[in-house]
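Enquirer: Starting from these lines, generate the structure:
(one chain, ligands or ions: 1)
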Amino acid sequence: MSEARLLVVEDDEPIARPLCDTLRAHGYDVTWVTSANDAFVSAEAGVDLVLLDLGLPDLDGVEVCRRLRDRHPETDIIILTARRDEVDVVLGLDAGADDYLVKPFRLHELLARVRARLRRQPAEADVITADDVTVDTAARRVTVGSSEVELRPKEFDLLVLLVREAGRVVTRERIMSEVWDEHWFGSTKTLDIHVWALRRKLDRPDAASHISTARGVGYRFEAP
Ligand code: CA
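Expert: Got it, this is the predicted structure:
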């Protein structure tokens, strides 16, 4: 599996640090730069999404946005602006930004926007296989061995996340935030119920479960 590559272009360290930490904690491959010049250099290496502060020291953010859009038409750009002036947002969107957030923004709102943008990009692998389970993310079909299994939407999203990370524990917090699209406060009963449903649909009664519980931490899809 490959992580989405994010480029954070932000010269304000108190904003950039928690932002990058949060994104990394959610499994993204994050590069942080503080100037337009470094942004252009890093973007050449190939990134999936750019989080772009409009107030940079060396070049106007709208111009940075325009150049990134010209050179990397397939890369998503979300602009971050402290300016409440709508004109900046409009200029940024005209310059090719896909979305924007006005500072101060909540980190979970930013994560939701990032996920929404990345979902629109073609997945690197539409078909993921782990053990005898095959998930076709484009067709949203799941087979175990040769039999197709009917999953409800959240069961499917949960399975995709676990299978993409097969062999590794996915934390409850990450699952809650990625599958249920919200910050996690307290109860994860919903998650447990969905795992129970997945086990019932995927597991053979005479075999060990596909999904192991890492008690107090999360779940792991077993990939023998
Ligand atoms: Ca700035």
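Enquirer: tell me the contacts of the closest residue to the ion within the chain?
Expert: Across the chain, no residue is closer to the ion than Gly55, which sits at 3.6 Å (C-beta to the ion). (C-beta placed from N, C-alpha, C; glycine too.) Shown in contact with Gly55 (C-beta atoms under 8 Å, 6 or more residues apart in numbering): 11, 61, 81-83.
Enquirer: swap the cut-off to 10 Å and go again
Expert: Gly55 makes contact with 10-12, 61, 80-83, 88, 103, according to C-beta atoms under 10 Å, 6 or more residues apart in numbering.
Enquirer: what stretches of the chain score poorly on pLDDT?
Expert: Within the chain, the ranges that satisfy pLDDT under 70 run 1-2, 83-85, 121-125, 181-187.
Enquirer: hey, where'd the helices end up in it?
Expert: For the chain, the helices defined by DSSP state H occupy 13-25, 36-44, 61-71, 86-94, 107-120, 153-164, 172-179, 189-202.
Enquirer: Distance check, the residue sitting nearest the centre point of the chain against Glu109.
Expert: In the chain, the C-alpha nearest the mean C-alpha coordinate belongs to Arg115, at 4.3 Å (C-alpha atoms, centre = their mean). Per C-beta to C-beta, to the nearest Å, Arg115 is found 11 Å from Glu109.
Enquirer: follow-up on the earlier one: could the helices of the chain go into JSON lines alongside distance to Glu3?
Expert: Listed next are the helices of the chain as JSON lines, based on distance: least, C-beta to C-beta, whole Å:
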{"stretch": "helix 13-25", "distance to Glu3": "10"}
{"stretch": "helix 36-44", "distance to Glu3": "16"}
{"stretch": "helix 61-71", "distance to Glu3": "20"}
{"stretch": "helix 86-94", "distance to Glu3": "26"}
{"stretch": "helix 107-120", "distance to Glu3": "10"}
{"stretch": "helix 153-164", "distance to Glu3": "10"}
{"stretch": "helix 172-179", "distance to Glu3": "13"}
{"stretch": "helix 189-202", "distance to Glu3": "22"}
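Enquirer: The ion contacts on this structure?
Expert: Within the chain, the positions adjacent to the ion are 11-12, 53, 55 by C-beta under 5 Å from the ion.
Enquirer: May I see the buried residues of stretch 188-208?
Expert: Buried residues in stretch 188-208, defined by neighbour count with 16 or more other C-beta atoms under 10 Å: 188, 191, 194-195, 198, 201-202.
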